[in-house]
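Undergrad: give me coordinates for this.
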Amino acid sequence: MIKMSIRVKPNVSAQKEFEQALVGMQIEDTHISGLIEKCRNDKGCINYVLHRKNESIFCLESEWQSRRELKDHFRGKDFMLLMGAIDVLCEKPVVKINDGKSSFGMEFIESVLEQ
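TA: Next comes the predicted model:
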């Protein structure tokens, strides 16, 4: 099993916009809440949850059956849209991916997208 955590902090000027995005503001004709739901339905997804850690930190946590299925998820349109929203409205995310043997960060996602 692979575990992934993406911790995001909205930019101070975008806090309200990010919160609105989480409850359904449209981004490129897709709702964020719909994106989370679609990601939950990706092949190999065991769990996919977005929650608020505190007033300014949100955390996306997911579990995957295999590294291959997680990589396929990274290449999917829904994950790209979600990361696009995070890129525009938040500070650089803190990414932690653990497969039980090794730990990776954002560089793992970037390397998958470059392939």
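Undergrad: show me where the protein has helices.
TA: 15-22, 32-40, 67-75, 77-89, 106-114 (DSSP state H).
Undergrad: out of the ones you listed, nearest to N54?
TA: Nearest to N54 among the helices of the chain is helix 15-22; the distance by C-beta to C-beta comes to 12.3 Å. The C-beta positions use only the backbone N, C-alpha and C, and glycine is treated the same way.
Undergrad: for S56, give me its contacts.
TA: Neighbouring residues of S56 by C-beta atoms under 8 Å, 6 or more residues apart in numbering: 9-10, 15.
Undergrad: returning to that earlier point: please produce a markdown table containing the helices of the chain, extended by mean pLDDT and distance to G100.
TA: Conversion of the helices of the chain to a markdown table gives the following (pLDDT from 0 to 100; distance: least, C-beta to C-beta, whole Å):
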| stretch | mean pLDDT | distance to G100 |
| --- | --- | --- |
| helix 15-22 | 72 | 30 |
| helix 32-40 | 73 | 22 |
| helix 67-75 | 95 | 11 |
| helix 77-89 | 85 | 22 |
| helix 106-114 | 92 | 15 |
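Undergrad: how about the ones you listed, which one is nearest K96?
TA: Closest among the helices of the chain, using C-beta to C-beta: helix 106-114, at 9.4 Å.
Undergrad: that older thread, adding mean neighbour count and distance to Y48, write the helices of the chain out as JSON lines.
TA: Converted to JSON lines, those look like this (neighbours: other C-beta atoms under 10 Å; distance: least, C-beta to C-beta, whole Å):
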{"stretch": "helix 15-22", "mean neighbour count": "16", "distance to Y48": "14"}
{"stretch": "helix 32-40", "mean neighbour count": "17", "distance to Y48": "4"}
{"stretch": "helix 67-75", "mean neighbour count": "17", "distance to Y48": "9"}
{"stretch": "helix 77-89", "mean neighbour count": "17", "distance to Y48": "10"}
{"stretch": "helix 106-114", "mean neighbour count": "14", "distance to Y48": "15"}
